[in-house]
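Chemist: Next comes the sequence, and after it the predicted model I'd like to discuss.
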Amino acid sequence: MTKTLTSPWMTALIGAVVYLASTVLLWQTPKIPVDALKRGPIATLVGPSWEFSNPEADQLVTELRAEKQALSQREQQLNDMAVRLQAEQAELSQATQSVRIMQTDFDTAVTRVKADETANLKKLAKVYAEMDPATAANVLADMDDVAIVKIMVFMKDPETAGILEALAKKGDAEARRTAMISDRLRLASNRPQPAK
């Protein structure tokens with residue numbers, strides 16, 4: 001038995017058993033205060049998984065929230081701009097419509113002679129100018145005011161004056177008509193209109 005106890009295998013086996021027994025008997029988990037754990041680098045390893053905290057993830061979350069808020073502000077600005085744009089379009093449409101109405105009113109008030117009418121109107125003006133003013137007034141009385149104005153545009157002022165005087169002497173209604181024709185003559189234009 002001494003031989004067995006002195007063998008190197010037995011010595012190693014006894015040493016291993018003594019080591020394991022002393023480790024089991026003396027093993028204790030160190031007690032670290034909770035405050036120290038939260039302050040130190042081990043803090044992320046202690047506690048339940050839902051209390052896990054990562055500074056980089058927190059920074060990313062903060063950046064995402066800031067970016068989301070910036071996008072919300074930008075969306076609000078775009079919505080406000082769209083509302084302003086619609087209001088300005090409505091205002092522009094209203095202004096365009098007003099201009100069209102004014103243009104229509106102007107076109108009805110102003111008598112224009114078109115280029116293709118000029119030659120015929122000049123011939124008619126010459127014919128009526130050579131007539132007696134009373135006779136010319138009788139003929140013109142049956143015509144439309146616009147046609148009378150177009151013809152008189154190509155007459156000289158004394159010829160026009162004689163015909164208008166003869167037309168006005170026919171009565172109050174014809175005097176008012178003569179005034180309207182005079183007003184239209186004032187606004188008349190014999191420049192050819194550009195083709196539309």
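Modeler: On my side now, so go ahead.
Chemist: Which helix or strand contains Val22?
Modeler: To be clear, residue 22 is Ser; Val isn't right here. helix 8-26 (DSSP states H and E).
Chemist: hey, where'd the helices end up in this protein?
Modeler: Along the chain, the segments classed as helices by DSSP state H run 2-6, 8-26, 34-39, 55-109, 118-130, 133-141, 145-152, 157-168, 172-187.
Chemist: what's the least confident stretch among these?
Modeler: The weakest mean pLDDT among the helices of the chain belongs to helix 34-39, with a mean of 60.
Chemist: With respect to burial, which of the helices of the chain scores highest?
Modeler: Stretch with highest mean neighbour count among those: helix 145-152 (a mean of 21; mean count of other C-beta atoms under 10 Å). Any C-beta I mention is one placed from the backbone N, CA and C, and that applies to glycine too.
Chemist: Now do that one: distance to the chain's middle.
Modeler: Offset of helix 145-152 from its chain centre (C-alpha atoms, centre = their mean, to the nearest Å): 47 Å.
Chemist: before we move on, what about stretch 160-175?
Modeler: On C-alpha atoms, centre = their mean, the centre of stretch 160-175 falls 56 Å from that of its chain.
Chemist: Not counting its own residues, what contacts it?
Modeler: For stretch 160-175, contacts defined as C-beta atoms under 8 Å, 6 or more residues apart in numbering pick out 128, 133-134, 136-138, 140-141, 152, 155, 177-178, 181-182, 185.
Chemist: Would you mind measuring from the residue nearest the centre of the chain to Leu78?
Modeler: Of all residues in the chain, the one closest to the mean position by C-alpha atoms, centre = their mean is Leu85, 3.4 Å from it. As judged by C-beta to C-beta, to the nearest Å, Leu85 and Leu78 stand 10 Å apart.
Chemist: Spell out which residues make up each domain of the protein.
Modeler: Following automatic domain parsing, one finds the domains of the chain at 49-109, 115-187.
Chemist: can you give me how far the last one is from the chain middle?
Modeler: With C-alpha atoms, centre = their mean as the basis, domain 115-187 stands 52 Å off its chain's centre.
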